[in-house]
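In: Build me a model:
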Amino acid sequence: MLLLSYMIACGAAPSAAGSEAADDTTRVDDPGHGELSATLPVDPPEPRPDGVVIIGAGAAGLAAAIDLPGAIVFEASSAVGGRAAYGTPHLLLVGTEEQAAEGVEDSVELALADWPAMTGEAPCDASRTFVEASDKVRDRLTELGVAFTLEEADLILGRQRLHYASEAGLGLVDALDAGSSEGIDLRLSTPVTGLLLDERGVVGVETADGTIEAGTVIIATGGFANRVDLVRSSVTWAAGTWGIGSDAFANGQALDWAVAYGLSTARLDAVGSNANVIGIAGADGLAIPTARPDAWVWVDSTGERFVNEEASWSLMLATAGDMHAPTWALSTHDLLMSGVEAEHQPFVEAGLTCESDWATLAEHIGVDPDGIEATLAAIDDVAAGRTIDAFGRTMLPDLRGATPCAFPWGRLASKSFGGLAVEATGEVTDGDGRVVPGLYAIGEAAGMAQPGMGGLDGFDGSLSAVIWSGWRTAEAINAAVAED
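Out: Predicted coordinates for the structure are as follows:
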């Protein structure tokens, strides 16, 4: 097969990964996946091959496979499901039977009106399309054997809109897997190491087992929430540090390929973060969790408390979804150190800002000293029994008479709401915004369904958007085949 990197064929500028030309061969370095070689095509160009390849057997890839019988599905790990198999799956669904049974009044327009509170930004076209289709997503999952329970009103959504798969993540994955198992070629423990593209578009993939020709390739490799280098380079905010997950998924492979092949990206600054993981920056920049959540209070730039620190979502609520707002944890040196493992203490010391008194500390971190004094006075009143904590906290730390310290709270990257730039049907575009024929991206690799659909800070229940994006793109592929 005669191959050429699409970014060279279209005349796009080389990406950050770089490229070298020698005679009639173009070499593109694929970060983390070795070196790819391509040879200039000859005239006349060959027709593009047939066949569909899906890269990734997580929720998005499995959903797409249901409607693409005969597809070859590559999964790097030894089991299907990816991140969706872990934890409790939250699905944002609107106008469902579960809502009706509980007397919950909901609609597409109500959900879109709540979108800024859920995501930090106004809904985009993909947001509306997804919400309008959410009842169909629920119905189809039910046909696959998934049962849902409707929990109490979400603190952020303010409405009973989140649905929980009764068999948890693994049960949901099993249902998708069972629906897609017939007629597909599932190859576990087989990572895809590169894409094959030329002036015709995508023509296949490279794996450790060799080259596979295909005229349609769907990238469903997940987002980049578990790559601290990508998170840091994509998101900047006033204070603190980012933590990443411990699983092997969401490793940013799609963005590595964007660099290697000159594919376009969008909204990489949109990263959902988990508010209940509080930590101190260690020597490597990652957050070190502490064992004493009762050891501090949170303040904003006014120096005054504004949340109940014992309620994990209260921080997001108080900042109206703006997870990028600077927030400081105030404590004393002894309290903080008592909650940090001995091996981490030297690293934590480097992440703290400590002074001899609160006024000096306030000046150092740029927080109103009068506000901090008001916070200390309010804590004194609660401790003396003169008043009840305004935020309902049951235990407050004693911040008097010891060395005052502050640190910006750490955030755990939970989802990536940016990714490869795609058209409405999931088609990937190159660096000049032109569609790469036959190349698609779905799920977190495409920012759930379209980069930015989850807003700046993301929304709970996004797994339903991941699944929907797989079905939406499979429908578009089948429609294109029918037209041919």
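
In: what ranges do the helices span in this structure?
Out: Taking DSSP state H to define them, one finds helices in the chain at 6-9, 59-66, 97-101, 108-119, 125-143, 168-180, 228-234, 253-261, 314-318, 333-338, 345-351, 358-365, 369-383, 463-483.

In: so which of these is the most packed in?
Out: helix 59-66 (a mean of 31; mean count of other Cβ atoms under 10 Å). Every residue, glycine included, has its C-beta placed from N, CA and C.

In: quick one: that helix to helix 168-180, angle?
Out: If you take axes from the mean of the first three to the mean of the last three Cα atoms, to 10 degrees, helix 59-66 sits at 20 degrees to helix 168-180.

In: Tell me which other helices or strands helix 59-66 touches.
Out: Applying 3 or more Cβ pairs under 8 Å, 6 or more residues apart in numbering; DSSP states H and E, one finds that helix 59-66 makes contact with strand 52-55, strand 72-74, helix 168-180, helix 463-483.

In: closest to G455 out of those?
Out: If you check each of the helices and strands packed on helix 59-66 against G455 by Cβ to Cβ, helix 463-483 wins as the nearest, at 11.7 Å.

In: So, low pLDDT: which residues of the stretch 251-400 of the chain?
Out: Across the stretch 251-400 of the chain, the ranges flagged by pLDDT under 70 are 274-293, 311-326.

In: Counting neighbours, what do you get for G401?
Out: Using other Cβ atoms under 10 Å, G401 has 7 neighbouring residues.

In: let me redo that: E355
Out: 16.

In: OK, contacts around it?
Out: E355 is in contact with L361, H364, T403, P404, counting by Cβ atoms under 8 Å, 6 or more residues apart in numbering.

In: cool, T353 as well?
Out: Counted by Cβ under 8 Å, 6+ apart, T353 has contacts L361, H364, I365, C405, A406, F407.

In: So it versus W468, what's the distance?
Out: Computed as Cβ to Cβ, to the nearest Å, the T353 to W468 distance reads 45 Å.

In: which two of the contacts of E355 lie the greatest distance from each other?
Out: Across those, the longest distance by Cβ to Cβ is 13.2 Å; it joins H364 and T403.

In: could you measure P49 against G461, distance?
Out: Distance, P49 to G461, using Cβ to Cβ: 38 Å.

In: From the neighbour counts alone, determine which of these two ranks first.
Out: Of the pair P49 and G461, G461 is the one with more neighbours under other Cβ under 10 Å, namely 20 against 17.

In: from memory that one sits against V94, does it?
Out: No. Using Cβ atoms under 8 Å, G461 is not in contact with V94; the gap is 10.0 Å.

In: Now for those two: what residues contact both?
Out: Contact criterion Cβ under 8 Å, 6+ apart; residues bridging G461 and V94 by contacting each: R161.

In: Name the nearest residue to S234, sequence neighbours excluded.
Out: L268 (3.9 Å; Cβ to Cβ, 6 or more residues apart in numbering).

In: That neighbour: neighbour count?
Out: 23.

In: and D370, which of the helices and strands packed on helix 59-66 is closest to it?
Out: Closest approach to D370 among the helices and strands packed on helix 59-66 is made by helix 463-483 (44.4 Å; Cβ to Cβ).

In: tilt between the closest one and helix 125-143?
Out: Going by the same axes, to 10 degrees, helix 463-483 makes 90 degrees with helix 125-143.

In: what packs against helix 463-483?
Out: Helix 463-483 packs on helix 59-66, strand 90-92, helix 125-143, strand 216-219, strand 435-441, going by 3+ Cβ pairs under 8 Å, 6+ apart.

In: Mean pLDDT and distance to A377 for those - can I get that in CSV?
Out: Shown next, in CSV, are the helices and strands packed on helix 463-483 (pLDDT from 0 to 100; distance: least, Cβ to Cβ, whole Å):
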stretch, mean pLDDT, distance to A377
helix 59-66, 96, 50
strand 90-92, 87, 40
helix 125-143, 93, 44
strand 216-219, 98, 55
strand 435-441, 97, 54
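
In: Which stretch among these approaches G371 most closely?
Out: Of all these, it is strand 90-92 that lies closest to G371, at 35.5 Å by Cβ to Cβ.

In: and the closest one, how far from the chain's centre?
Out: Computed by Cα atoms, centre = their mean, to the nearest Å, the chain-centroid distance of strand 90-92 equals 15 Å.

In: From the rest of the structure, what touches it?
Out: Residues outside strand 90-92 that contact it (Cβ under 8 Å, 6+ apart): 111, 134, 137-138, 141, 148, 157, 161-165, 459-465, 467.

In: can you do 10 Å?
Out: Residues outside strand 90-92 that contact it (Cβ atoms under 10 Å, 6 or more residues apart in numbering) are 111, 114, 118, 130-131, 134, 137-138, 141, 146, 148, 151, 154, 157, 161-165, 169, 172, 459-468.

In: Mind listing what's buried along that strand?
Out: Using 16 or more other Cβ atoms under 10 Å as the test for burial, strand 90-92 gives H90, L91, L92.

In: Can you convert those residues into TSV and add a column each for distance to P437?
Out: Below are the buried residues of strand 90-92 laid out as TSV (distance: Cβ to Cβ, whole Å):
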residue	distance to P437
H90	35
L91	33
L92	33
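
In: Show me which of the residues you listed is closest to V80.
Out: Nearest member of the buried residues of strand 90-92 to V80, counting by Cβ to Cβ, is L91, at 18.4 Å.

In: Could you check how far the closest residue to that closest one other than its chain neighbours is from Y164?
Out: Nearest residue to L91 in three dimensions, chain neighbours excluded: S464, at 3.8 Å (Cβ to Cβ, 6+ apart). For S464, the distance to Y164 (Cβ to Cβ) stands at 11 Å.

In: for L196, same thing?
Out: 41 Å.

In: more crowded one of the two?
Out: When L196 and Y164 are compared for neighbours, L196 comes out ahead with 22 against 18, by other Cβ under 10 Å.

In: how much space between that one and D460?
Out: Applying Cβ to Cβ to L196 and D460 gives a distance of 38 Å.

In: so how far is the first residue of stretch 383-400 from its last?
Out: 12 Å (Cα to Cα, to the nearest Å).

In: what does it contact?
Out: So stretch 383-400 is contacted by 292-298, 305-311, 314, 318, 330-332, 335-336, 358, 372, 375-376, 378-382, 405 (Cβ under 10 Å, 6+ apart).

In: One more pass at 8 Å, please.
Out: Counting by Cβ under 8 Å, 6+ apart, residues outside stretch 383-400 touching it are 294-297, 305, 307-310, 314, 330-332, 335, 358, 376, 378-382.

In: Tell me, how many residues neighbour the closest residue to E206 other than its chain neighbours?
Out: Nearest in space to E206, with sequence neighbours left out and distances taken as Cβ to Cβ, 6+ apart, is G194 at 4.0 Å. Using other Cβ under 10 Å, G194 has 24 other residues around it.

In: didn't I365 look like it was pressed against W328?
Out: Yes. With contact defined as Cβ under 8 Å, I365 reaches W328; the gap is 6.1 Å.

In: Quick check: neighbours shared by the two?
Out: By Cβ under 8 Å, 6+ apart, I365 and W328 have these common neighbours: A406.

In: Is the closest residue to G447 other than its chain neighbours bridged to anything, and to what?
Out: Residue nearest to G447 in three dimensions, not counting chain neighbours: G419, with 4.3 Å by Cβ to Cβ, 6+ apart. G419 has these beta-bridge partners by DSSP bridges: A266, A446.
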